[in-house]
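Student: This is the structure alone, sequence omitted:
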């Protein structure tokens, strides 16, 4: 009898531990040693490329995807920026598929001479940022198009696509995720800025833009902002997706709170992680913020220790917000008829009436159900 009880307890607590890790050991820590990288063109219209990272030796074909955009003030940078590469490699080794994208920079939008001062002019600033944002949306749509038209070349789950970036890349994907309509973008703006934005959206053909892969959704499951920002904190609403922020509170480029670019009130406003995190929290949205006290812009770029902090912090947040259960299996299990054989407490003792505490129900099909009952 004692041996049987011990066997039951072993099964129960083994199942309990598995239930605590629905992703079966994937996605929270590095479990693959190497990654392979494939370069593709995701926008034929603008000849934009991205590098797609996959773990070598992985047999999973339903993996979450993270798309990452590099920094560089929308003036410099590429998909090969060290932060983008480090980030994509780290998450691919955790079992994700990741992608580092090129997007159009200021030179492509406003020309060589104006690229260095585009942020001093609202027309140019909106034009540069909104065009880049539309490129990011096309990258998201690329993967869904591949899933439905090319038999899922990259082995992703199209319902679990995350996007994020560093500095300008964070600005890009925060807007791609949290601005769902033209009206939403212009509603908090004064009349002059609203007119400028409306004109640019009209040229782009609407909030989805004209960077390609039309007909597929550009929605994401969550956003990762490394020193990124939104133009207005009013863009946050109760329907928004989980978002995680990393930001130095002495950032002199992208404000930690709400201020003009470079903390210059004469430039257009940006609201960084320090102001967006409380907005998300006030709406009970899934969010978290890693603040680097006294640090300026992107301190992780010059410190491997801080980069590891960022990756660990973001990794935990994304992991906590993944959907790893096989819904088909769960539904099949639910529809099976099963009978309760006995109830146990945490010590494995059989009980009849139980009003409070840890309760384990054991069924005749070998399955268990764990509950913690609170008495009010």
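Tutor: Thanks, I have it. The model shown is predicted, which means the values in this text are computed figures rather than measured ones.
Student: what about the strands in the stretch 51-200 of the chain?
Tutor: All strands of the stretch 51-200 of the chain, identified by DSSP state E, counting those that start in this stretch, fall at 63-69, 97-101, 156-166.
Student: Residue 298: what's it in contact with?
Tutor: 71, 83, 166, 167, 226, 227, 248 (CB atoms under 8 Å, 6 or more residues apart in numbering). All C-beta spots, glycine's among them, are computed from the backbone N, C-alpha and C.
Student: Tell me where the stretch 51-200 of the chain has helices.
Tutor: 82-92, 106-110, 122-149, 168-178, 182-186, 191-204 (DSSP state H, counting those that start in this stretch).
Student: And the second one, how far out from the chain middle?
Tutor: Mean-position distance between helix 106-110 and its chain equals 27 Å (CA atoms, centre = their mean, to the nearest Å).
Student: How about residue 293: what's its closest non-neighbour residue?
Tutor: residue 249 (5.8 Å; CB to CB, 6 or more residues apart in numbering).
Student: How about residues contacting stretch 23-42?
Tutor: Contacts of stretch 23-42 (CB under 8 Å, 6+ apart): 18, 47-58, 60, 64, 88-90, 92-96, 101, 138-139, 142, 212-213, 315-316, 318-319, 322, 324.
Student: Who wins on neighbours among the contacts of residue 298?
Tutor: Using other CB atoms under 10 Å as the neighbour test, these are led by residue 227, with 33 neighbours.
Student: Could I get the contacting residues of that residue?
Tutor: Residue 227 touches 71, 166-167, 170, 246-248, 251, 253-254, 272-273, 297-298, counting by CB under 8 Å, 6+ apart.
Student: Am I right that residue 279 is in contact with residue 238?
Tutor: No. Using CB atoms under 8 Å, residue 279 is not in contact with residue 238; the gap is 11.1 Å.
Student: quick one: which of the two has more around it?
Tutor: residue 279 (19 against 7).
Student: if I pick residue 271, what's in contact with it?
Tutor: 229, 230, 231, 232, 233, 255, 257, 258.
Student: Secondary structure element holding it?
Tutor: For residue 271, the host element (DSSP states H and E) is strand 269-272.
Student: For the next helix or strand after that strand, name the packing helices and strands.
Tutor: Downstream of strand 269-272, the first helix or strand assigned by DSSP H and E is helix 273-282. In terms of contacts (3 or more CB pairs under 8 Å, 6 or more residues apart in numbering; DSSP states H and E), helix 273-282 is packed against strand 229-230, strand 243-248, strand 287-292.
Student: what about the closest residue in space to residue 311 that isn't next to it in sequence, distance to residue 191?
Tutor: Nearest residue to residue 311 in three dimensions, chain neighbours excluded: residue 90, at 4.9 Å (CB to CB, 6+ apart). Distance, residue 90 to residue 191, using CB to CB, to the nearest Å: 45 Å.
Student: And these two? Which one has more around it.
Tutor: residue 90 (21 against 8).
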